[in-house]
Structure formats: C-alpha cells, structure tokens
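J.: Give me coordinates for this.
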Amino acid sequence: MRRLGILGGTFNPIHLGHLLLAECAREQYALDQVWFMPTAVPPHKSARRLLDARHRLAMVRLAVRGHPAFRASDLELQLGGVSYTIRTIHALRRRVPGARLFYLVGADLLAVEWHRMDALRRLCTFAAAGRPGHAMRRVAGMRRIAMPQVDVSSSMIRGRIRRGQSIRYLVPDAVARYIARHRLYQGAGR
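T.: Here you go, the predicted structure:
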C-alpha cells in the first residue's frame, strides 16, 4: 500500500521549516511521497495578504525540485474556493485510491477549529510536529513528528524582506532568487 504524506499551507513563502517537517515525517512514517499543496483560499487566515497562487506554487516547485520523494501539487488550487482539508482528502482518495494518507501539520494548526475533523480523522492519519511557542495539543489518533525545532515562519521571512534583511538559510536558494527576481513581499502588508 502506497503511503502518501500531504503538507498543505499557504506557503507564503515556503521555507526550510516546511521542508524539514516533510523530510522528518517521510523518514519516520516510511512515506513513499510527500505532496506539498498550496491552498487556494485558506480557511484560517486572511486571503487579503496572500501572494498570488502562481507565485506560491512556483516557489514550492523550486523548493522540492531535486528531492525524489517530494512533489508540488496544485490540487487545492484546481479545486478553488476555500481549501477545506476534507475536500482535499476526498479528492485525493479519488486520485490515489488505496493510498494511506498522512496529513502533516505544525502544532500551531492543532489549535484551530477544523471543518469536519471527525470525518477527517477517519480518512487520514494526522501527524504533527512541534513548533516553538506552540503547545502540542492532543488530537485523537494523531501521531507525532520528531524534528529539530526551528523558529522560522513565513510571516517572519516576509518581514525580513520588507526590512531589507537577508533570508539566506531560511528558504532554499532557488526560492530566495525567485523572490528577488519578482520583487515579492516588498510592499507594506505583503
């Protein structure tokens, strides 16, 4: 049976914490692949400050390029609308029937209210990694992802860019070059 990890998020931008979480989960749970899925419209964040999907997907593609088990997926962007995980999991079940799905999250996302969480727990295995400053809330059936704690976030990276500070070693080099080439996140509020 194929074991598939799903890492969703705004990836605004993708950073090394996302990649580290995916690699640790891949190793610990013997995942055949990890799909990185940028959200169309996030249910728990303001879409006002969200970078256009084409840029976010392009950065994810650059970040995962070269890793044989990582894949950028535009599934949630194709589905459109609010990216409720239950819709994504149902769509994945149709695309990869028989796969065992592991939904990978950071501890910060365990504190939010999930749409149809009971149904989600029946359809996939949740695996969560700790994040600095966020308590690990227990969710029934959830697995833990052991990983080094890195205090990096997309909002911190956007702030550094606005202030003219380096983002080297926080994002893959190809992502940093893409951000610089397209002059992303330089305006106020982005």
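
J.: For this structure, which helix or strand comes out least confident on mean pLDDT?
T.: Within the chain, no helix or strand scores below helix 117-123, which has a mean of 83 by mean pLDDT, DSSP states H and E.

J.: Can you tell me the SS state at the nearest residue to residue 51 once chain neighbours are set aside?
T.: Once flanking residues are discounted, residue 51 sits nearest to residue 12: 5.3 Å by Cβ to Cβ, 6 or more residues apart in numbering. Every C-beta, even on glycine, is put in place using the N, C-alpha and C of the backbone. Under DSSP: H, G, I helix; E, B strand; the rest coil, the three-state class of residue 12 is coil.

J.: you'd agree residue 12 is up against residue 50?
T.: Yes: the pair residue 12 / residue 50 is scored as a contact, 6.0 Å apart, by Cβ atoms under 8 Å.

J.: Who has more neighbours out of the two?
T.: residue 12 (23 against 17; other Cβ atoms under 10 Å).

J.: quick one: contacts for the more buried one?
T.: Going by Cβ atoms under 8 Å, 6 or more residues apart in numbering, residue 12 touches 49-51, 56, 154, 158.

J.: Put the buried members of those residues into a ChimeraX selection.
T.: Provided next is the ChimeraX selection string for whichever of the contacts of residue 12 are buried by 16 or more other Cβ atoms under 10 Å:
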select :50,51,56,154,158
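
J.: Which strand or helix spans residue 94?
T.: Under the criterion of DSSP states H and E, residue 94 resides in helix 85-95.

J.: Next SSE downstream of that helix?
T.: strand 100-106.

J.: Provide the strand pairings for that following strand, with the direction of each partner.
T.: According to DSSP bridges, strand 100-106 forms sheet pairs with strand 3-9 (parallel), strand 125-129 (parallel).

J.: Can you tell me what sits against it?
T.: 1-8, 17, 21-22, 25, 29, 31, 34, 85, 89, 92-93, 120, 123-131, 134, 143, 145.

J.: Can you list the buried residues in it?
T.: Quick answer for strand 100-106 (16+ other Cβ under 10 Å): 101-106.
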